[in-house]
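Enquirer: next come a sequence and a model predicted from it.
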Amino acid sequence: MMKSKCVFLDRDGVLNEDRPDYAYQLDHFKILKGVPEALQQLKDAGYLLIVVTNQSGIAQGIYTQQEMEKCHNYLQEQCGGVIDYFYFSPYHPKVSESLGRKPGTLLFEKGIAKFNIDPQLSWMVGDRGRDLIPAKQLGMKTILIGNTTCGEEDFIEADLTAATRRILT
């Protein structure tokens with residue numbers, strides 16, 4: 001069976017606006033400009049799309065898993081249902097340790113196993129070093145969103161639209 005290629009995506013700061021007080025209510029959950037179109041272009045090019053996100057607000061009691069899932073369902077609706085899977089870590093180091101939390105590789109490894117993904121053909125797009133570290137360890141190419149280096153990126157792009165152009169060239 002042929003292995004799949006995938007773009008792993010961090011959520012906050014890549015797909016939706018990152019908020020210091022967490023994005024968990026629909027009226028505060030703002031999808032970034034160009035995201036639905038960029039995801040569709042990646043999907044059309046044959047990439048699986050998997051979101052890998054730390055959601056420590058759940059362990060901290062700030063919001064519930066149900067509130068997070070409402071945001072994921074909304075994101076999926078607004079993007080034409082192109083996201084193949086959401087992996088999330090509800091843990092926070094002050095409350096509960098977990099190998100699933102980035103920069104751990106567990107969530108990526110679950111996706112690789114479940115979807116028969118070839119890391120060498122795959123990418124991670126994130127806005128922090130901890131998003132890219134596990135992808136690098138697993139042999140993926142990495143794109144950092146923003147304008148500051150973290151030392152783990154292969155490329156730096158302004159947003160998902162620019163990252164998509166990079167992946168597709």
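Expert: Ah, there it is.

Enquirer: do a quick rundown of the strands in the chain.
Expert: Under the criterion DSSP state E, the chain carries strands at the ranges 6-9, 48-54, 85-89, 123-126, 141-145, 155-157.

Enquirer: and those strands as JSON lines, adding distance to residue 41?
Expert: To be clear about C-beta, it is placed using only N, CA and C from the backbone, and glycine gets the same treatment. Formatted as JSON lines, the strands of the chain follow (distance: least, CB to CB, whole Å):
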{"stretch": "strand 6-9", "distance to residue 41": "10"}
{"stretch": "strand 48-54", "distance to residue 41": "11"}
{"stretch": "strand 85-89", "distance to residue 41": "19"}
{"stretch": "strand 123-126", "distance to residue 41": "13"}
{"stretch": "strand 141-145", "distance to residue 41": "14"}
{"stretch": "strand 155-157", "distance to residue 41": "14"}
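
Enquirer: which of the ones you listed sits closest to residue 39?
Expert: Evaluated with CB to CB, those place strand 48-54 nearest to residue 39, the distance being 5.9 Å.

Enquirer: can you list the strands that the closest one pairs with?
Expert: Sheet pairing of strand 48-54 (DSSP bridges) gives strand 6-9 (parallel), strand 85-89 (parallel).

Enquirer: so what touches the longest one?
Expert: What it means is strand 85-89. Residues from elsewhere that reach strand 85-89, judged by CB atoms under 8 Å, 6 or more residues apart in numbering: 48, 50-56, 68, 72, 98, 100-102, 104, 107, 110-111, 114-115.

Enquirer: just the strands paired with strand 48-54: most buried one?
Expert: Comparing those by mean neighbour count (mean count of other CB atoms under 10 Å), strand 6-9 ranks first with a mean of 27.

Enquirer: how about the CA coordinates for that strand, as PDB?
Expert: Only the C-alpha atoms of strand 6-9 are listed here, as PDB (Å, rounded to 0.1, in the frame of the first residue of the first chain):
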ATOM      1  CA  CYS A   6       0.200  14.900   5.000                       C
ATOM      2  CA  VAL A   7       0.300  18.500   6.100                       C
ATOM      3  CA  PHE A   8       0.100  18.600   9.900                       C
ATOM      4  CA  LEU A   9      -1.200  21.900  11.200                       C
END
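
Enquirer: let's have the strands paired with strand 48-54 in JSON lines, adding distance to residue 125 and mean pLDDT.
Expert: Listed next are the strands paired with strand 48-54 as JSON lines, based on distance: least, CB to CB, whole Å; pLDDT from 0 to 100:
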{"stretch": "strand 6-9", "distance to residue 125": "5", "mean pLDDT": "98"}
{"stretch": "strand 85-89", "distance to residue 125": "15", "mean pLDDT": "97"}
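
Enquirer: wait, which of those is closest to residue 126?
Expert: Of the strands paired with strand 48-54, nearest to residue 126 by CB to CB is strand 6-9, at 7.7 Å.
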